[in-house]
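>>> Whatever this is, show me its structure:
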Amino acid sequence: MKKVLIGVVAASALLLAGGVHASAELAKSSGCLNCHNVDTKLVGPALKEVAAKYAGKDDASAYLTDKIIKGSNGVWGPIPMPPNANVSPENAKVLADFILTLK
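Just a heads-up that it's a prediction; the model follows:
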């Protein structure tokens, strides 16, 4: 039984890691990483800063999904984030949820 439990835990960890990797690849292919870095500010804030700002807020995922699609102005300073018309609402939600997992 112990071996089965260890196998289930290991498989779950691999699936989770694969999901995080896929989300990071989506961030790269969607152009997010042209202006954002995970750990440090580039043109826009570090993704970890975004995660910290919205941590624990009930509507954070929906809010960030909307900002990813429509863009943003004045939230993080004078440089606006342009709309991302090429990112589907489904992918924007995946990206928002990914950002919120960063610590």
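>>> Averaged over its residues, which helix or strand of the chain has the lowest pLDDT?
helix 2-29 (a mean of 55; mean pLDDT, DSSP states H and E).
>>> need the next SSE after that helix, C-terminal direction.
The C-terminal neighbour of helix 2-29 among helices and strands, as given by DSSP states H and E, is helix 47-54.
>>> What lies in contact with stretch 31-51?
For stretch 31-51, the surrounding residues in contact (CB atoms under 8 Å, 6 or more residues apart in numbering) are 27, 64, 68, 76, 79, 81, 84, 86, 95, 99-103. Placement of C-beta: from N, CA and C, glycine included.
>>> average pLDDT across stretch 44-62?
This predicted structure assigns stretch 44-62 an average pLDDT of 97.
>>> which of the residues in it are buried?
Buried residues in stretch 44-62, defined by neighbour count with 16 or more other CB atoms under 10 Å: 44-51, 54, 60-61.
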